[in-house]
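*Asks:* the following comprises the amino acid sequence and a computationally predicted model.
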Amino acid sequence: MWQMLRGVSYSVLANVAGLLGPLVTMPYVLRVLGPGAYGLAVYASIISTWITSVLVLGLSGYCARQYSRSVISGAGCGDRELSSLVSLQIVMAIAATVLHAVVISLVIERGSGTIFWIYLAVTAFSCLNVDWFFYVTDRMDVFFWRTLVLRLAALAALFVFVKTKEDVTVYAGISAVFVVLPNLVSFIFVFRRHPLSFDRHAYKRIGGARYFLTNATIGSVYQFADQFLMGMLSTKENLSYLNVCKQIMGIANMVVASASRALMPRAVDAFAHGKGSVWIRKMTPACGAAVVAATLGMWLLGAPLVRLLAGPKFEPASEHMALLAAIFAVTAVAVYIDTQISIPLNCERFTTVSNSFVAIVSIVMLLALFQRLGFVSALVGLLVGETIGVSVMLYLHKGRSGLSMVKQ
């Protein structure tokens, strides 16, 4: 129990350290660059984030599960499995980089080409992201200190070099560097301790990860497509406001996802040994209480946080905060079901179906309500979509033998 609490605690602390970026720099950056220039930088970065979240980071759950199983088996194949999984990420990062180059050549805006191309490097180096290794091996202490030190360095760089609206390219460059650096540091840590070699047959594993990649693809639609569409259909100022709202939601979701990933190897082990029901009964009350507390906190404290982050030009309405809190609560339930039940039971396809409903409903409602509600249409669509998605996930699990094991 102590080892589990230690891992979860470091996982949460790592995310708190990661939050130093948006919480500390966003008020400064929005005031220095202004909503328009900041929105342009967001528009450029969202392309890289969207592509890598699907093709590279979409493999994280698969890599964590497969490496966790190789460690549990104790057959001495851990390093070979690790090499194969990292090789798979390299193959997918190459594909992601090519796709990114094609996309930005089509959507690049006149006079802002450098900003768009800067983030291509982030996509190329995304193959170095081995965060899942630290969750599986319970080395979240290393993960935490790495995140804290590099976040502090990023903050110092932004405050020193970003001074005026014309420094938007410098801001993009610093942001890109400090996305790549944590991945590089983590990769070096793993490489020095495990004899990695490139597996030229790693691409054959794409079939085994198909549900994870499909889920990431569908999930990315409601995570990033709304911001991409907002950047195309509306002003960069509106994109800035939507981005601030989603960053607040992302802060809370990041903590939930991190804690869930830290617990997932133990869930895999529990189900593998026929103790899934014990695990779920043990963890659900505590996780539920944490989500309720966080939801209330977001609802009550969200408006002051938006004013702090975005400045006086943005005045959030109370209903916006209620929407964000509700979205967070429903999303947290979805993440819990996915990481603690679906993935351990090899039911990623349930998440695929659920995410399909979320993606379709959220985007359709955004387009249908955009003229009447503006950026709020994205939040309304996401809330309705997530609610339907969770309902679909629960329905698919109902009556399945795996869920019967959970209930027994």
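*Replies:* That came through fine.
*Asks:* any idea of the mean pLDDT for the helix or strand encompassing His320?
*Replies:* Here His320, judged by DSSP states H and E, is contained in helix 318-337. In this model, helix 318-337 carries a mean pLDDT of 86.
*Asks:* and for stretch 136-151?
*Replies:* What stretch 136-151 shows for mean pLDDT is 82.
*Asks:* still on that earlier bit, so what does the helix holding His320 touch, helix or strand wise?
*Replies:* helix 236-272, helix 276-310, helix 376-397 (3 or more CB pairs under 8 Å, 6 or more residues apart in numbering; DSSP states H and E). Just so you know, the C-beta spots here come from the backbone N, C-alpha and C atoms, and that holds for glycine as well.
*Asks:* which of those helices sits closest to Tyr119?
*Replies:* Among those, the nearest to Tyr119 by CB to CB is helix 236-272 (14.9 Å).
*Asks:* helix, strand or coil: sort out the nearest residue to Leu85 once chain neighbours are set aside for me.
*Replies:* The shortest distance from Leu85 to any non-neighbouring residue, by CB to CB, 6 or more residues apart in numbering, is to Cys63 (4.6 Å). Classification of Cys63 using DSSP: H, G, I helix; E, B strand; the rest coil returns helix.
*Asks:* do the same with the one 3 residues further on
*Replies:* Under three-state DSSP, Gln66 falls in the helix class.
*Asks:* returning to that earlier point: buried set for the helix holding His320?
*Replies:* Neighbour-count burial for helix 318-337, counted by 16 or more other CB atoms under 10 Å, picks out 320-321, 323-337.
*Asks:* the host helix or strand of Leu155 packs against which elements?
*Replies:* Counting by DSSP H and E, the element that carries Leu155 is helix 140-161. Using 3+ CB pairs under 8 Å, 6+ apart as the contact test, the elements touching helix 140-161 are helix 2-18, helix 20, helix 26-55, helix 131-136, helix 168-193.
*Asks:* tell me the domain boundaries of this structure?
*Replies:* Per automatic domain parsing, the structural domains of the chain span 1-208, 225-408.
*Asks:* where does the stretch 251-400 of the chain have low pLDDT?
*Replies:* Counting by pLDDT under 70, the stretch 251-400 of the chain shows low-confidence ranges at 305-318, 399-400.
*Asks:* buried set for stretch 230-246?
*Replies:* The neighbour-count check on stretch 230-246 (16+ other CB under 10 Å) flags 230-231, 234, 236-246 as buried.
*Asks:* now those residues in CSV, with distance to Val180?
*Replies:* Shown next, in CSV, are these (distance: CB to CB, whole Å):
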residue, distance to Val180
Met230, 26
Gly231, 23
Ser234, 30
Lys236, 25
Glu237, 29
Asn238, 29
Leu239, 24
Ser240, 24
Tyr241, 28
Leu242, 26
Asn243, 21
Val244, 24
Cys245, 27
Lys246, 22
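*Asks:* what about the residue nearest to Ser260 when sequence neighbours are not counted, neighbour count?
*Replies:* Distance criterion CB to CB, 6+ apart; nearest residue to Ser260, sequence neighbours excluded, is Thr339 at 4.1 Å. Close neighbours of Thr339, defined as other CB atoms under 10 Å, add up to 24.
*Asks:* any idea how far Gly231 is from Thr339?
*Replies:* Thr339 sits 31 Å away from Gly231, going by CB to CB, to the nearest Å.
*Asks:* could you do Arg146 as well?
*Replies:* 32 Å.
*Asks:* Tyr119: what secondary structure?
*Replies:* helix.
*Asks:* for it, what are its contacts?
*Replies:* Counting by CB atoms under 8 Å, 6 or more residues apart in numbering, Tyr119 touches Ala44, Ser45, Ile47, Ser48, His100, Ala172, Ala176.
*Asks:* do you know the pLDDT at it?
*Replies:* On the pLDDT scale, Tyr119 is placed at 92.
*Asks:* then Val98?
*Replies:* What the model reports as pLDDT for Val98 is 96.
*Asks:* so it is in which element?
*Replies:* helix 78-107.
*Asks:* helices or strands up against that helix?
*Replies:* Looks like helix 78-107 contacts helix 26-55, helix 60-73, helix 113-124 (3+ CB pairs under 8 Å, 6+ apart).
*Asks:* which one, of the ones you listed, ends up nearest to Val162?
*Replies:* Of all the helices and strands packed on helix 78-107, helix 26-55 sits nearest to Val162, with 5.9 Å by CB to CB.
*Asks:* hmm, who's touching stretch 287-296?
*Replies:* Stretch 287-296 is contacted by residues Ala252, Val255, Val256, Ala259, Ala325, Ala326, Phe328, Ala329, Ala332, Val333, Tyr336 when judged by CB under 8 Å, 6+ apart.
*Asks:* could you tell me the angle between the helix holding His320 and helix 276-310?
*Replies:* Put simply, helix 318-337 runs at 150 degrees to helix 276-310, going by axes from the mean of the first three to the mean of the last three CA atoms, to 10 degrees.
*Asks:* what's around Val103, how many residues?
*Replies:* Val103, neighbours per other CB under 10 Å, totals 17.
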